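> Sequence isn't available, so here's the structure alone:
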């Protein structure tokens, strides 16, 4: 038996189905599906991807007998629709389209109106009763075929048109006379002869064969090959070719063409949504030659057709059980469907459509959960730029923290604070941010930085604040001294209006209009269903009572990372912190710590109150101490005065604390070992806060986390004195407070020796940011410049600071999980790095069987949904 | 049957043996061994470690019947030597000593002359015919027993002595009269009553029991516990107690005491070596009250005894098959051996003794190889401070590069170069060094830095240069501007004389006398034998023809790491390098590279020539580009002039290249991906050099190494263009040169994905320095301050930059080896980090079955020996 290479779609004579995308491509499969549903589709057939694979593997020879079968199909087609290929009265015209299993740029797209020649053009004129249209279509066909099949540059055809217009003194294509068009056809054909040394193929059969082979060959264009490489798609898939009879929406007032969505793609409202144009072809809608009508108007203009269309779209939606994006043509009062596919939609629409469809009994809850791209979920909490607005984009960086913001620009955190006091909206523009900028950042509407990647200081802090940020705008030149910056050729002074879009990374001149969406009932349903399915608990990274409140509002089930260092930057205490760091002896250090204790205790009381009953993981001090010290001469002088030492002495001390590679320096538990008094103060503050609330009847669930452990002995030493301090505090307060002591696993060595560490620790929290940095040997601050190039070149599929690198970093985590469980089967494990809010990474963490992920408060809904999706995927 | 807890040593009645160290302790086992060899040892017995373990586990109760057995042993002893415990005519006195299986500080050491009381002191006086001696011994015994058994501070006894001296106006203990001594005995006893509320125990049996229990209890002193923790020794071993009858070398002119080595411990010469003192006790030799005689003198003074001693030492050496360190006493013309143990020796002596013993048929070659501590081997190539010299030590840092050096101090590399031109010996003193200092370092005799660890820039570079260096001298304050420094309370101006010992880390005031040892015939034999045994090949890290020559001289079998960046710092080319880096466009960059090409080619020609036929692994440019740029204002201004740009522009460019964490920044193959033209130039230079020498009949074996690969795609991209350039060069030169392309495995991610990388690479070279940094998340430059504390506290057993951390970093290497071999079974693998020269690490690499290690030229002999020892250990 010979292999079946051709699948017809023609009413009852339809072989294909929607699930045959691998063989027929997306387009071909859906046309077949519609045809077999009894929907009126212009008939045609699809040559399968297998034929393409054969062709490319056999030195560009078609499979034996393929062509005779094509001819047979064509004959059938002619019979079905009672038209004839190349006929001068009633010609059959076809479109030829490529179609792979996934949409893929770089391949040959479409040739329309194939079959036109000197005689069939007359047939088209007769049938449409429009000679001008027939010849206009003919000259379009020649240039389209010439360009995509014969590889003649589109510009060559364009330049002929331009010359003809100039000669005649006309402006638009539509101003040509029929005679002009005929002359142009001649000139086009002459161009083809010049370029290809052959006549333009007049034989429709030859046109068809050339078009089919051109589609096959386009599978291997450079662009297509690179695209597949970048996306990890196989070169062996091949493309299908769909040959479909043409219908015309431009055959007078009883014809039309249109596109529609079965529901509103922006809001999700269950209402037919689209537009159409009378007496027009699909191209005309796209080109915008007239303003199309809203679809409602069709009910008035062609009530019967409209009813047909409604029953078709309802049928399609019911069949596909999803919102459809359809293309249709009305030819002489007859409705044809040209395409149906799943409709693209906003996050808001995705949620509403999915939830409504559950209510309508179309899909189940699990299916609904899979319908919403978790990654887009935080869109709906942030203001966004009105999609209708015209924008002057000055430049582009990384979309580091989602949402849009507008305001007057300032270049220093101090200036931001000054203006914010007067309720001005400000945008803080910096080379990069550092912990000293936190207060300024907290009052700004948004932050733009010239340096830094997706996990730079600015990115991490703003995401935690739920504040928009664009980082790594490489072309941005910032001059804080002269209070100006430059971007996209525009110089901006302080207080110039500027807008940023932290989702797309765009920086826009002036104040762009912003719109806001709201938490909907659908959203709540979606989250409830996700809660029922997921196994991972979702916690939030939150450092203040305000963040903690936000986190609970979004559904967080605890705090997975409370960074104590941010607490140290508050104006009233940074002086004490500095005094403590710069202390020359234990006595002076302990005095400063003593004053910090009640302040820290208050911090924890605030957070514990908000999180009543839920676990709160508090990380002891992590960054190197020099991060807390001033760096500008002015600040150093000021501090020296306050500390009553000379500037020189202070400067020397600051220099002696500075490090060549602070990320790999004296930080984390290394501080806890050389300066145990700091950690002891923090532990005391945590437990005193816990005890005092417990006495008031408030449930507190603290988890003390030791950062940057590389060797089990580091953890042992710190744990030992935590236990000592705890015993003392609990005894003094007279409270039997339960608490845990655990560690971050954020160094490769910790992962490799996780069994030893697990024996000592109550829990592990994977710090995937630092683990990614050390596994790759890549600083997130310094990598922006070349990491983007890596992703763009396809060297890496993702920025590993955004989506966990499963092959390398993931393997380290897997080893740690296995070793940790082997040593202590019930050890509690979670993730508190940035990846805790990334759906692809959450999928991986779910597969590893971790207990929870923790992410910034705004990402909590995303994480909740992603965790549910991960379970559903796993079950399949 | 009850357990045997007591082992006698008394001529034929000897139960113990040398291999029973675990049960009897080192001392007890060797005494038993000597006794059973028929050597005259004062008889005694050893209470086993098992008894100690029982005692400690059973609330300080001795095992049942132990004490009755001790009494029985004592009775036997009295009978054997015809003395009686506590006797007033001929008293038995004993020493009581602790002894664990390994020597361990912190435990009770020794009580001598136990058994003295008011009546036996008279017996001692009679026997020695020296009443003064008897009472002096008595008061010493009381204070010794009071101190170590009764825990009375030694100072309390001392202060009584001082008061008595003051009262009598005398200066030395020896000036006391017998009456004085008797008074002191009384006062000592009164002190004991005051301190312990009990009388000093007069009953010798009670003294003995208290001493035995004190030894057992001393197993658990804080110091002993910490020491065991730090060294990973078990707390369950326990200590033995040896009770031995006393003999006296101070019983007149026919008595003496001495210590001796069976061969020369400094040179290894096979000649009896030692000293003795007539009419003296062991203590006296140590206290240096008189100058002892050389052992040769004994042959004249007591020829028969000398002959006895010679036959004993020869018997011991033949028996133990090793050089022995012995203690002996002559009591009334009778020779007693008190101790024998393996003698401590210099590396030079160790080699000569081992090789001589092979010649003498005492031991085999493999045994000889195990006798030399590989780690000390490089001692013999470096000058060292004359051990006899009196030194004024100012401070101590890390012994970063072995050998000693003296010279005038300077604080800048420029000044070092100026003085070196006049043939002055200079010592370069810096806060820390950077690549810009290289030229200054290369002319200095030695380098001292205030910051930096064992693998800081200064340490690594000086070891490669074979130049002494002390790094991380924390107390050193350097002020380069005022040209002075301060250490150990001494201010040193420029040109002050200073000496450093890069082995011990000591910094010494003034010019200390240095001595030099030579390569000996024994050394050559040792290396030849090692070559026969070892499996690992030994290569050297060498960047210049000079280093390469040195490496071959020491036996290197190739170059495992040729760092191309050091080549860039040479005066004539640094300008071109900077021009290349600062180029604004490809054209300018390529012009600079074009000029660098012939220079690089010359570098490689030089190295290839020296290494003819041997593999040379060349690492493409690794450090971040900003390392090549100037940092001081003066230099920047100069460069700006040369480049014809403004200082501001240049400064901005330099700043834009600077990084927060350069170790994790834009370096290694990341440079090769963003600036392929640099690597292409280097590859061209390597292969052109190879081709040109090949044409002259010189065999060349280049291995091109891509640094810092984290993802296989990075390696793929670089490898692809290396192949292109290579094809072009080989074609142009018309030579079929064989070359390899491999990669460093120095990032955890590379280790975890080594299977993918192995599919593309010809070889792996483990960069254990960077792998240690990233696995621990620890910068070698910044860790000195707390890493030393880690090692001192026992948190880490070793500095992981010196000895490979097998549990963590080693596991990563193991994974990489396994994955790499699985993907490509015959892939070639070596090590080029600092650990390549560390014996403990070499042992691990041998077990992993790597092909080679590479280390600095001076460490090659160490590595050769260590590789042989690793094989021998594995075979056992």
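That came through fine. Since the structure is predicted, the reported quantities are computational estimates derived from the model, not experimental observations.
> Identify the residues contacting the closest residue to residue A:128 other than its chain neighbours.
Using C-beta to C-beta, 6 or more residues apart in numbering or on different chains and skipping the chain neighbours, the partner closest in space to residue A:128 is residue A:251 (5.2 Å). For glycine as for every other residue, the C-beta is placed from the backbone atoms N, C-alpha and C. By C-beta atoms under 8 Å, 6 or more residues apart in numbering or on different chains, residue A:251 lies in contact with A:127, A:128, A:129, A:130, A:279, A:331, A:332.
> so which of the residues you listed comes closest to residue A:578?
residue A:279 (77.2 Å; C-beta to C-beta).
> Let me see the contact set for the closest one.
Residues counted as contacts of residue A:279 (C-beta under 8 Å, 6+ apart) are A:249, A:250, A:251, A:252, A:253, A:255, A:256.
> among those residues, who's most crowded?
Ranked by neighbour count (other C-beta atoms under 10 Å in any protein chain shown), those have residue A:256 at the top, with 27 neighbours.
> per-residue pLDDT, it?
We have a pLDDT of 93 for residue A:256.
> Next: the one 5 residues further on.
At residue A:261, the pLDDT value in this model is 91.
> Check the burial of residue A:613 by counting its neighbours.
Neighbours of residue A:613 (other C-beta under 10 Å): 10.
> which residue does the stretch 101-250 of chain A bring closest to chain B?
Going by C-beta to the nearest C-beta, chain B is nearest to residue A:229 of the stretch 101-250 of chain A, at 10.3 Å.
> Quick check: that residue touching residue A:794?
Yes - the pair residue A:229 and residue A:794 passes the contact test of C-beta atoms under 8 Å, sitting 5.9 Å apart.
> hmm, back to that, which among the contacts of residue A:251 end up buried?
A:127, A:128, A:130, A:279, A:331 (16 or more other C-beta atoms under 10 Å in any protein chain shown).
> all strands for the stretch 301-450 of chain A, in order.
A:324-331, A:334-342, A:384-385, A:393-396, A:398-401, A:404-410, A:426-430, A:446-449 (DSSP state E, counting those that start in this stretch).
> mind putting those in TSV, mean pLDDT included?
Listed next are the strands of the stretch 301-450 of chain A as TSV, based on pLDDT from 0 to 100:
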stretch	mean pLDDT
strand A:324-331	93
strand A:334-342	93
strand A:384-385	84
strand A:393-396	92
strand A:398-401	83
strand A:404-410	94
strand A:426-430	95
strand A:446-449	94
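> a markdown table for these, including distance to chain B?
Putting the strands of the stretch 301-450 of chain A into a markdown table (distance: least, C-beta to the nearest C-beta, whole Å) gives the following:
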| stretch | distance to chain B |
| --- | --- |
| strand A:324-331 | 36 |
| strand A:334-342 | 32 |
| strand A:384-385 | 31 |
| strand A:393-396 | 17 |
| strand A:398-401 | 17 |
| strand A:404-410 | 21 |
| strand A:426-430 | 14 |
| strand A:446-449 | 13 |
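> for these, which one ends up most surrounded?
strand A:446-449 (a mean of 29; mean count of other C-beta atoms under 10 Å in any protein chain shown).
> now the strands of the stretch 301-450 of chain A in JSON lines, with distance to residue B:496?
Formatted as JSON lines, the strands of the stretch 301-450 of chain A follow (distance: least, C-beta to C-beta, whole Å):
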{"stretch": "strand A:324-331", "distance to residue B:496": "85"}
{"stretch": "strand A:334-342", "distance to residue B:496": "82"}
{"stretch": "strand A:384-385", "distance to residue B:496": "69"}
{"stretch": "strand A:393-396", "distance to residue B:496": "58"}
{"stretch": "strand A:398-401", "distance to residue B:496": "55"}
{"stretch": "strand A:404-410", "distance to residue B:496": "54"}
{"stretch": "strand A:426-430", "distance to residue B:496": "48"}
{"stretch": "strand A:446-449", "distance to residue B:496": "49"}
